[in-house]
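> here is the input, now give the coordinates:
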Amino acid sequence: MPSSSTKRLHKQVALVTGASSGIGTGVAVALAEAGATVVVNYHSDAEEAEQVVAHIKEKGGRAITIKADVSKEDQVQQMFRQTIEQFGTLHILIANSGIQQDAPLVDMTLEQWQQVIDVNLTGQFLCAREAAREFIKRGVQPDISRAAGKIICMSSVHETIPWAGHANYAASKGGLMLLMKSMAQELAPHKIRVNSIAPGAIKTPINNEAWETPEAARKLLELIPYGRIGEVEDIGRAAAWLASDESDYVHGTTLYVDGGMTLYPGFADNG
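Now for the predicted structure:
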């Protein structure tokens with residue numbers, strides 16, 4: 001394993017929201033492996049969050065947990081205050097928290113709609129706003145990173161692909177796409193890089209019914225030209241690269257990590 005001085009995120013502090021499970025855990029671990037000190041945000045499961053921190057520490061990394069509901073402005077602001085009080089500043093935000101409340105359009109309640117928009121879209125806005133405020137206040141630290149800060153929004157292939165029965169989720173990710181691009185346009189003069197990662201089908205506890213049986217996996221693989229279901233490590237490696245100076249000229253773009261799902265494989269044989 002390379003020394004800490006050669007790790008690409010050495011001396012950087014990263015906040016990963018929704019990091020107690022699934023993709024968030026994969027990203028938190030990958031950032032820690034790249035040398036970052038990681039704040040593991042969680043909403044309700046303190047035990048799982050502490051397990052993520054323990055795993056990072058066992059591998060020689062640094063991490064803490066902070067509880068916060070990203071859809072609540074006061075809790076988001078307190079989370080950033082705690083992070084800065086603990087570590088002095090912040091260099092990387094991975095706005096990952098997201099939920100699904102699925103229903104056919106005609107049956108979807110306002111509560112189901114609002115909960116998804118509040119977490120998946122408003123939560124990203126609140127976290128990105130606080131991160132940008134800190135990055136602008138501090139400015140570039142050339143010995144740490146070429147950018148003043150990095151914001152990575154966790155989107156989905158459904159910022160592009162419509163999804164019947166999931167109108168609230170697809171709308172949140174479609175909205176996130178233009179939120180990310182608008183923030184990127186606005187924050188670039190401050191040397192703040194803003195990008196998104198759009199995962200395809202990834203093995204996580206929240207969607208295990210989509211692949212846990214051979215029949216379900218076969219149907220899912222019909223949508224993935226590359227022929228395998230993604231792992232959280234696939235997203236973690238992408239996030240670590242996007243957060244590093246190796247991607248310093250990547251700005252305002254969505255990196256699809258989907259095995260080709262957005263290639264619309266149904267048209268591979270002329271539709």
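
> against Leu93, how distant is Ala128?
Counting by C-beta to C-beta, to the nearest Å, the gap from Ala128 to Leu93 is 7 Å. From N, CA and C alone the C-beta is placed, and that goes for glycine too.

> ok, now Leu187?
12 Å.

> these two - which one has more neighbours?
Taking other C-beta atoms under 10 Å, Leu187 and Leu93 do not tie; Leu93 has more neighbours (30 against 22).

> doesn't Leu126 make contact with the more buried one?
No: in this structure, Leu93 is not within contact of Leu126 by C-beta atoms under 8 Å, at 11.0 Å.

> would you mind listing the residues touching both of Ala128 and Leu93?
Ile151 (C-beta atoms under 8 Å, 6 or more residues apart in numbering).

> mind pulling up the pLDDT for Cys2?
Quick fix: residue 2 reads Pro, not Cys. Confidence at Pro2, expressed as pLDDT, is 44.

> contacting residues around Ile229?
Ala201, Ile202, Lys203, Trp211, Ala217, Leu220, Leu221, Gly259.

> if we use 10 Å, what do you get?
By C-beta atoms under 10 Å, 6 or more residues apart in numbering, the residues touching Ile229 are Gly200, Ala201, Ile202, Lys203, Asn207, Ala210, Trp211, Ala217, Leu220, Leu221, Gly259.

> restricted to helices, list those.
Judged by DSSP state H, the subset of those located in helices is Ala217, Leu220, Leu221.

> buried members of those into PyMOL, please.
To isolate the buried ones among these in PyMOL, judged by 16 or more other C-beta atoms under 10 Å, type:
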select buried, resi 220+221
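
> residues shared between the contacts of Leu93 and Leu126?
Thr17, Phe80.

> so where do the strands sit in this structure?
For the chain, applying DSSP state E gives strands covering 13-16, 37-42, 62-67, 92-95, 149-154, 192-199, 254-257.

> out of the ones you listed, which is closest to Val106?
Among these, strand 192-199 comes nearest to Val106, with 28.0 Å by C-beta to C-beta.

> buried ones in stretch 146-166?
Of all the residues in stretch 146-166, those buried under the rule 16+ other C-beta under 10 Å are 147-161, 166.
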